[in-house]
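S.K.: predicted coordinates and the sequence they were generated for:
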Amino acid sequence: MEDINSYLEKNMASIFPETLSRNSEALTAAQQQLLTRSHIAIIGCGGLGGYVIEELARIGIGRLTIYDPDTFSPSNCNRQLNSLNSTLGKNKAEVAAQRVLDMGTGCIPKAVPFDFRDDLPKKEHNIDVVIDCLDSIETRFHLSDLCNTLAIPLVHGAVTSWYGQLGVQLPGFNLLAAIFPGKETQPTEQKPPSVLSFTVATIASLQACEAVKLLLGIPSPLHNNWVQIDLKHHTFDHMPVAAP
């Protein structure tokens, strides 16, 4: 009987349609099929979320559920991929979902224009990975706890100015407590921080990469660890944390 890998290699055209054909040297047919069958939730569709959604849809993730109750405003235009004159005042999740549909890569987006805490706890979503693209420490802790409750891996990312950070929380670990000790109830800053476009794009790309590695079972030094990134001085400082 023909094994699955042989079957997939013989059916490359169906696994790698023209819109995904340039993935074929970097990914095997089995890996591409796995991505096509995967489901990722992105929490926040602004700066980080916009780029994360873009890259995951273009690599061929099968389903993306994207959460954001917010709408685009002029102050978003310096760094948010989907913030345009034509989208001002529109919901960020809905705009991102429409862009994904226009790509034609086969990714199926679901826009959820309200708080993730009202929907994500429903286990029937069968989500494989959650990506944190939030901007509030307090809300990040809620998401971290929820992912542990649901036993879903979480890819964390945060940005400010020239600087960013990235980490991966596997089920059962509390990465946010290691990154932000004693700040579980810290309120959102009153004044929005300065954020540069290339910082957002860099951290978002690394988040997308870590999510794909999780789906493909590729080991990463960021599992239950995190890295601080300084783009002004080009430093990447890994910040290992003790096992729980």
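M.R.: Here it is on my side, so go on.
S.K.: quick check: chain neighbours aside, which residue is closest to Ile53?
M.R.: Ala96 (5.0 Å; Cβ to Cβ, 6 or more residues apart in numbering). (Glycine included, C-beta is placed from N, CA and C.)
S.K.: neighbouring contacts of the one helix or strand that neighbour maps to?
M.R.: For Ala96, the element it lies in under DSSP states H and E is helix 92-103. For helix 92-103, the surrounding residues in contact (Cβ atoms under 8 Å, 6 or more residues apart in numbering) are 19, 45-46, 49-50, 53-54, 57-58, 64, 66-68, 70-72, 80, 82, 87, 107, 109-113.
S.K.: avg pLDDT for stretch 226-235?
M.R.: The predicted model gives stretch 226-235 an average pLDDT of 97.
S.K.: list the buried residues of that stretch.
M.R.: Going by neighbour count (16 or more other Cβ atoms under 10 Å), the buried part of stretch 226-235 is 226-229, 231.
S.K.: again, but for stretch 107-127
M.R.: Buried, per 16+ other Cβ under 10 Å, within stretch 107-127: 107, 109-113, 116, 120, 125, 127.
S.K.: for it, the averaged confidence score.
M.R.: 89.
S.K.: same deal with stretch 160-169?
M.R.: The model assigns stretch 160-169 a mean pLDDT of 97.
S.K.: now swap in stretch 54-61 and tell me
M.R.: Stretch 54-61 comes out at a mean pLDDT of 98.
S.K.: re the thing from before, dump the buried residues of stretch 226-235 to JSON lines, plus distance to Asn174.
M.R.: Below are those laid out as JSON lines (distance: Cβ to Cβ, whole Å):
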{"residue": "Trp226", "distance to Asn174": "12"}
{"residue": "Val227", "distance to Asn174": "18"}
{"residue": "Gln228", "distance to Asn174": "19"}
{"residue": "Ile229", "distance to Asn174": "22"}
{"residue": "Leu231", "distance to Asn174": "28"}
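S.K.: just the ones in strands from those residues, please.
M.R.: Using DSSP state E, 226-229 are the members of the buried residues of stretch 226-235 that sit in strands.
S.K.: list the residues that contact the closest residue to Lys232 other than its chain neighbours.
M.R.: Using Cβ to Cβ, 6+ apart and skipping residues adjacent in sequence, the residue nearest Lys232 is Trp162, 4.1 Å away. Listed by Cβ under 8 Å, 6+ apart, the contact set of Trp162 reads 196, 199, 230-232.
S.K.: one more time with 10 Å, if that's ok
M.R.: 194-196, 198-199, 202, 229-233 (Cβ atoms under 10 Å, 6 or more residues apart in numbering).
S.K.: now swap in Ile40 and tell me
M.R.: With Cβ under 10 Å, 6+ apart, Ile40 has these contacts: 52-53, 56-57, 61-66, 107, 127-131, 152, 155, 208, 211-212, 214-215.
S.K.: which element is it on?
M.R.: Counting by DSSP H and E, Ile40 is part of strand 39-43.
S.K.: tell me what angle that strand forms with helix 92-103.
M.R.: 140 degrees (axes from the mean of the first three to the mean of the last three Cα atoms, to 10 degrees).
S.K.: and the helix or strand harbouring Leu56, what other elements does it pack with?
M.R.: Per DSSP H and E, Leu56 falls inside helix 47-59. Counting contacts by 3 or more Cβ pairs under 10 Å, 6 or more residues apart in numbering; DSSP states H and E, helix 47-59 is packed against helix 29-36, strand 39-43, strand 63-67, helix 92-103, strand 108-112, strand 129-132, strand 154-160, helix 197-216.
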